[in-house]
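Chemist: Got a sequence here, can you build the structure:
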Amino acid sequence: MAAPPSPPQDSPQNSAPANPPAEPSPTGAEPQAGAQPETKPAESSPPPAKARTTAKKRRHRKTGTGSSSSTPDKKVVRNGGTADPVVQLTPGMSKEQASSQRQNTSQLLAATDNNLKQISARPLNSSQQGSVNQIRKYMEQANEAEQAGDVERAHNLASKALLLSDDLVKH
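Modeler: Numbering: from 1, shown residues only. This is a model prediction of the structure:
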């Protein structure tokens, strides 16, 4: 009859700590200098018999060519930078359309100005006075946009001013 196999001697689960602590340390106290902390067997790790069957996929990093010619040259711009090129995001407008829109904007601003004259003849509360100030800002911005050549923005601001002034005239 064969003897049962003996457990391996160097297994960490079967061996006792080499230097047991001389005195048990109180809970929460730090270990003394020179004393080894008590080791506990890992309870949460799975046993080696149930090893993972799937292997980890390794991800490879792309490496650069290492040549400095692949990176663009850096330009240092001091004291404010360079002038941005003018970019038109909207489709181009013909001269006839631009002229028509300018004329329409002028009509909107004139109607708004007439509304403001009607409104100024009566007493206004603070919110109405704030609306009048906003209308004047819109009119000023519309004139600035028209002088800068931004016809669509000028028309948009003039129509906003007219809508606000119409609302004040009604109330």
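
Chemist: Quick one: the helices in this structure, in order.
Modeler: Remark: helices assigned in the chain by DSSP state H are 95-120, 126-148, 151-170.

Chemist: So which of those helices is the most surrounded?
Modeler: helix 151-170 (a mean of 18; mean count of other CB atoms under 10 Å). For the C-beta atoms, the positions are set from N, CA and C on the backbone; glycine is no exception.

Chemist: Show me what that one is packed up against.
Modeler: In terms of contacts (3 or more CB pairs under 8 Å, 6 or more residues apart in numbering; DSSP states H and E), helix 151-170 is packed against helix 95-120, helix 126-148.

Chemist: re the thing from before, out of the helices of the chain, the one nearest N79 is which?
Modeler: Taking CB to CB as the criterion, helix 126-148 is the member of the helices of the chain that comes nearest to N79, at 25.4 Å.

Chemist: Go ahead and produce CSV holding the CA coordinates of the closest one.
Modeler: Extracted C-alpha coordinates of helix 126-148, given in CSV (Å, rounded to 0.1, in the frame of the first residue of the first chain):
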residue,chain,number,x,y,z
SER,A,126,-39.2,100.2,-15.5
SER,A,127,-39.7,97.0,-17.6
GLN,A,128,-41.1,99.1,-20.5
GLN,A,129,-38.1,101.5,-20.2
GLY,A,130,-35.8,98.5,-20.3
SER,A,131,-37.5,97.3,-23.5
VAL,A,132,-37.0,100.8,-25.0
ASN,A,133,-33.3,100.6,-24.2
GLN,A,134,-33.1,97.1,-25.8
ILE,A,135,-34.8,98.4,-28.9
ARG,A,136,-32.3,101.3,-29.2
LYS,A,137,-29.4,98.8,-28.8
TYR,A,138,-30.8,96.6,-31.6
MET,A,139,-31.2,99.7,-33.9
GLU,A,140,-27.6,100.8,-33.2
GLN,A,141,-26.3,97.3,-33.8
ALA,A,142,-28.3,97.0,-37.0
ASN,A,143,-26.7,100.3,-38.3
GLU,A,144,-23.2,99.0,-37.4
ALA,A,145,-23.8,95.7,-39.1
GLU,A,146,-25.1,97.4,-42.2
GLN,A,147,-22.0,99.7,-42.3
ALA,A,148,-19.8,96.6,-41.9
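
Chemist: Dump the helices and strands packed on helix 151-170 into TSV; add mean pLDDT and distance to T71 as well.
Modeler: Listed next are the helices and strands packed on helix 151-170 as TSV, based on pLDDT from 0 to 100; distance: least, CB to CB, whole Å:
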stretch	mean pLDDT	distance to T71
helix 95-120	91	45
helix 126-148	93	39
